[in-house]
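In: turn this into a structure:
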Amino acid sequence: MARQRSHGVLAMIAEAQRQQAREQEARHRAAAAAQRQYERAQREAQRAAAQGERAALRAYQQGREGDAARRTAELDEQVARLRSVLATGLAGRPFRLTEPQVAFRPPPFDPGPLGRPVAMPDQSHYLVPQPTGLQALNPVARQQYDQQAAQARARFEQDWYGARQAEDERLRRLADYRAQYDAWVAKNHRLAADRSRQAARLTADLAAGAPDAVVELFETVLRARENWPEEFPCDGALGWDPSARQLVVDWELPGPDCVPAVARVRYVKSDDREAEVARPAGERKALYRELLAQCALRVLAELFRADQGELLASVVLNGYVEGTDPASGRDEQRYLVAVTVRREEFRAVALDRVAPVDCLLDGLRGRLSARPEKLEPVPTDRLAADTGGYADHRQDAEDDPDLFELDPIAFEELIAELFRRRGFRTRTTARSGDQGVDVIAEDPDPVTGGQIVIQAKRYRRTVDPTAVRDLDATRVHHGATKGILVTTSGFGPDSYRWVEGKPLTLVDGPMLVGLLREHGLAGRLGGTPDAGQAAPTVLLPREELGLPGQEPTVLLPRPEPVELLPGQNAPLPEPAAAELSVRFDAAGPETDLTLLLLTAAGTVRDDQDFVFYHQPSAADGAVTLGPKEQDGPDGHGESATVRLTALPTAVERVAVSVNMDADGSATCGELRAARLSVSAADGSAWTFRPPADPEVSAMLVAEFYRHRGGWKLRAVGQGWSDGLAGLARAHGVDVG
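Out: Numbering: from 1, shown residues only. Model (predicted):
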């Protein structure tokens, strides 16, 4: 029995030891499980963090890819705009000068939120209930009521006065807004009336056959700029040949930089950057050539579509880009497109279905630069500067021989002398009976020289194309290197088309007179320089003419000034740029004439370039302001002298402006008969009548600006509502 008891104790000890071992093992297992759970949680947290980082990285990379895609879409949109220049122009409304002028119909006045009155507070909402019953007899309750009622009245009065002030402010702003609306309506009515008057004047001039009116009409058509890309240039020159009814247009085209050099943009994840993929050079060249062809066809389409009176028999278009001559390094016009097209020929073309380059080259037999991206020029047949009547303002011009009245042999001798002075050895053939040749010239240059045959035709009518073809046959018959046909009249488009690609040159009457003047020879084309029109006469003091003595006056004819329209510009002859007289006259409130000397950035170099009544001179006297003059009871004028050729090279523009008295409330809308006059010593003169704008008290009336080595005058007529201070700030003058 003792062994049994002993066995029981040992068993208990053993069981206790096993239990202890199990508990220890359980603790180990629990600790291991906790450790594993912790490690799993750590891994889960790490996994979640990594997933978050990856999600953030993906979102960032997707954003960068979106930016690259947007930039690519913008490039594609830019290219699509360039490819649709012609289609956009054809879809637009043609320019119409003679269509009925629709009166300006403003939209009804809409005050918007300003039309709703401010709600006034309702006093009933501020009433405090009076105590009733026993409370009415309680002094404490009665005192509390009186306090609450006084507070309610104070709140009501405060809210009422606040609402009243808000309503007064609303009415003030509504009155200002209504005044602005009325001024806007009045301004647009005046602009519509001005457009109607200008259209009526131009229509009358066209009906009278005035050549200047034809040029003005089609220049207005081209400068209308409806739906053209804003970044495209809008400049050029036009000439009109009335005998051939031919319009010659030299028009500036966009440069190669308008075609984006980047084809697309992609995001590179490995480097975290946007990489620009260059557009292939061949694609850029093809796209630019197509754009040039589209621009040329669109210009022609706009001209012919606007020609409702069928004034144009043909159009010569020379499209150029401002570039650098690689031989001389000078900036010049590089002609990349040249085409001559007749009305009937152009009407037969379905522009909405053509390939622009093929249409220009094959359909219209025009010229298009083979390497326009290099600004490689094409030959031109006729430029605007060589078209139109020649105006010579010399006093003795009427004494020059009339080329139409010259003896035929004397005319040929004159042509021979002209080419002799140009460096050739010449002889006439009038007495030798050499068929088809009037003058033979020899270029003595041993490399490029050779024999030149010249025909001289003293015609009043347009030279027939057969004469041009005969000249080519004569040149071949005599083995000459070149043929020249000189006439006192002009040539038609068929003649200019015939000489394309051939060693032939056509010299019309105006070009001939210009060459004669250039080489010191006399000659005019019938009548006086202003045939059929008596030049207006003005009285000038003798001392102004450089004559001695103080005799009262002498009569001197002067040409009529050229009247400019807003936005129109005019080239200034080099003698005129040497010294100009600028004068502003008006009736009504007094104005001050102000001039600013501006850099290419449109700002003054310093305050010394600001010429006004307190500082009447700048640039060592190159710009000088004169004293004010009283022309009558309420008329006044002020003048200035501008010597453009004496200005420093840093000055690119001279702004001519007027401003009202800063201490008053007058605006430019109160001026009457306002006019800016610009005149030169050589007789050249221009005028501009700025608009009467009631919204401005300082106006930029006109400006002189450098252009291709010379100067131009531009009429502007835009201003600032804050007067002289706004004008000065806009051009970089310190008004502190």
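In: please, which helix or strand holds residue 157?
Out: helix 139-207 (DSSP states H and E).
In: what's the following helix or strand after that helix?
Out: Next along from helix 139-207, by DSSP H and E: helix 211-223.
In: and that following helix, what does it pack onto?
Out: helix 139-207, strand 236-241, strand 246-252, helix 281-306 (3 or more Cβ pairs under 8 Å, 6 or more residues apart in numbering; DSSP states H and E). Every residue, glycine included, has its C-beta placed from N, CA and C.
In: for those, give me TSV that also has mean neighbour count, distance to residue 714 and mean pLDDT.
Out: TSV is the format used below for the helices and strands packed on helix 211-223 (neighbours: other Cβ atoms under 10 Å; distance: least, Cβ to Cβ, whole Å; pLDDT from 0 to 100):
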stretch	mean neighbour count	distance to residue 714	mean pLDDT
helix 139-207	13	17	83
strand 236-241	22	14	87
strand 246-252	23	16	91
helix 281-306	20	22	93
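In: got those as a markdown table, with distance to residue 664 columns?
Out: Formatted as a markdown table, the helices and strands packed on helix 211-223 follow (distance: least, Cβ to Cβ, whole Å):
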| stretch | distance to residue 664 |
| --- | --- |
| helix 139-207 | 18 |
| strand 236-241 | 43 |
| strand 246-252 | 44 |
| helix 281-306 | 45 |
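In: what's the closest of those to residue 85?
Out: helix 281-306 (4.5 Å; Cβ to Cβ).
In: paired strands for the helix or strand that that closest one is followed by, with orientation please.
Out: Under the assignment DSSP H and E, the closest C-terminal helix or strand after helix 281-306 is strand 314-324. Its sheet considered, strand 314-324 pairs with strand 246-252 (parallel), strand 331-342 (antiparallel) by DSSP bridges.
In: nearest to residue 79, of these?
Out: strand 331-342 (19.7 Å).
In: residues contacting the helix or strand that that closest one is followed by, please?
Out: Per DSSP H and E, the first helix or strand lying C-terminal to strand 331-342 is helix 343-347. Residues outside helix 343-347 that contact it (Cβ atoms under 8 Å, 6 or more residues apart in numbering): 300, 301, 304, 307, 310, 312, 313, 314, 315, 364.
In: could you dump the strands paired with strand 314-324 to CSV with distance to residue 592?
Out: What follows is these, written out as CSV (distance: least, Cβ to Cβ, whole Å):
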stretch, distance to residue 592
strand 246-252, 37
strand 331-342, 37
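In: re the thing from before, how much does the helix holding residue 157 deviate in direction from helix 211-223?
Out: Here helix 139-207 runs at an angle of 140 degrees relative to helix 211-223 (axes from the mean of the first three to the mean of the last three Cα atoms, to 10 degrees).
In: for the residue nearest in space to the middle of the chain, which three-state class applies?
Out: With distances taken as Cα atoms, centre = their mean, the residue of the chain nearest its centroid is residue 234 (5.1 Å). Per DSSP: H, G, I helix; E, B strand; the rest coil, the local secondary structure of residue 234 is coil.
In: contacting residues for it?
Out: 222, 223, 225, 228, 252.
In: could you pick out the buried ones from these?
Out: 222, 228, 252 (16 or more other Cβ atoms under 10 Å).
In: let me know the closest of those to residue 334.
Out: residue 252 (10.6 Å).
In: now the closest one: how far from residue 339?
Out: 16 Å (Cβ to Cβ, to the nearest Å).
In: give me the phi and psi for residue 481.
Out: phi -80, psi -20 (degrees, to the nearest 10).
In: that one: neighbour count?
Out: 15 (other Cβ atoms under 10 Å).
In: which ones are touching it?
Out: Contacts of residue 481 by Cβ under 8 Å, 6+ apart are 443, 449, 450, 451, 452, 503.
In: can you do 7 Å?
Out: 450, 451, 452, 503 (Cβ atoms under 7 Å, 6 or more residues apart in numbering).
In: pLDDT score for it?
Out: For residue 481, the pLDDT comes out at 90.
In: repeat for residue 545
Out: 33.
In: now swap in residue 261 and tell me
Out: Looking at residue 261, the pLDDT reads 92.
In: please apply the same query to the one 5 residues further on.
Out: Residue 266 carries a pLDDT score of 91 in this model.
In: show me what the helix or strand harbouring it is packed against.
Out: Using DSSP H and E, residue 266 falls within strand 262-268. Contact here means 3 or more Cβ pairs under 7 Å, 6 or more residues apart in numbering; DSSP states H and E; on that basis strand 262-268 packs against helix 2-83, strand 273-278.
In: among these, which is the most enclosed?
Out: strand 273-278 (a mean of 13; mean count of other Cβ atoms under 10 Å).
In: among the helices and strands packed on helix 211-223, which comes closest to residue 266?
Out: The nearest among those, by Cβ to Cβ, is helix 281-306 at 17.4 Å.
In: let me know the angle separating that closest one from strand 314-324.
Out: Using the same axes, to 10 degrees: helix 281-306 against strand 314-324 is 140 degrees.
In: now do the strands in the stretch 401-550 of the chain.
Out: Taking DSSP state E, counting those that start in this stretch, the strands of the stretch 401-550 of the chain run over residues 425-428, 439-443, 450-457, 482-487, 504-507, 537-540.
In: identify all contacting residues around the longest one.
Out: Looking back up the chat, that one is strand 450-457. Contacts for strand 450-457 (Cβ under 7 Å, 6+ apart): 411-412, 415, 419, 437-443, 463, 467, 471, 474-475, 478, 480-487.
In: below-threshold pLDDT in the stretch 601-736 of the chain: ranges please.
Out: 630-634, 662-663, 735-736 (pLDDT under 70).
In: tell me where it has strands.
Out: So, for the stretch 601-736 of the chain - with DSSP E, counting those that start in this stretch - the strands run 610-611, 617-618, 623-630, 635-642, 653-660, 672-680, 685-688, 698-707, 710-720.
In: which secondary structure elements does the second one contact?
Out: Judged by 3+ Cβ pairs under 7 Å, 6+ apart, the packing partners of strand 617-618 are strand 623-630.
In: list the contacts of the strand it packs on.
Out: Residues contacting strand 623-630 (Cβ under 7 Å, 6+ apart): 593, 595, 597, 611, 616-617, 636-642, 654.
In: got it, and stretch 409-429?
Out: 403, 406, 430, 437-444, 454, 456, 458, 486, 515-516, 519, 521, 523.
In: between which two of the contacts of helix 343-347 is the distance greatest?
Out: Among the contacts of helix 343-347, 310 and 364 lie farthest apart (Cβ to Cβ), at 19.2 Å.
In: those two: which is more packed in?
Out: Neighbour tally, residue 310 and residue 364, criterion other Cβ under 10 Å: the higher count belongs to residue 364, 22 against 9.
In: pLDDT wise, what is the more buried one at?
Out: Reported pLDDT for residue 364: 91.
In: shouldn't it be in contact with residue 338?
Out: No. Contact criterion Cβ atoms under 7 Å: residue 364 and residue 338 do not qualify, at 10.7 Å.
In: tell me the buried residues in stretch 627-643?
Out: Buried, per 16+ other Cβ under 10 Å, within stretch 627-643: 636, 637, 638, 639, 640, 642, 643.
In: and for stretch 118-127?
Out: 121, 126.
In: just the endpoints, please. Distance across that stretch?
Out: This stretch, stretch 118-127, spans 22 Å end to end (Cα to Cα, to the nearest Å).
In: quick one: mean pLDDT over that stretch.
Out: pLDDT averaged over stretch 118-127 gives 88.
In: now it: how far from the chain's centre is it?
Out: 59 Å (Cα atoms, centre = their mean, to the nearest Å).
In: could you check how far residue 354 is from residue 362?
Out: 10 Å.
In: out of the strands of the stretch 401-550 of the chain, which gets nearest to residue 142?
Out: Comparing those under Cβ to Cβ, the one sitting nearest is strand 537-540, at 98.2 Å.
In: average pLDDT for the closest one?
Out: In the prediction, strand 537-540 has an average pLDDT of 34.
In: hey, what's the closest residue to residue 505 other than its chain neighbours bridged with?
Out: The spatially closest residue to residue 505, leaving aside those adjacent along the chain, is residue 484, at 4.7 Å (Cβ to Cβ, 6 or more residues apart in numbering). According to DSSP bridges, the residues that bridge with residue 484 are residue 454, residue 505.
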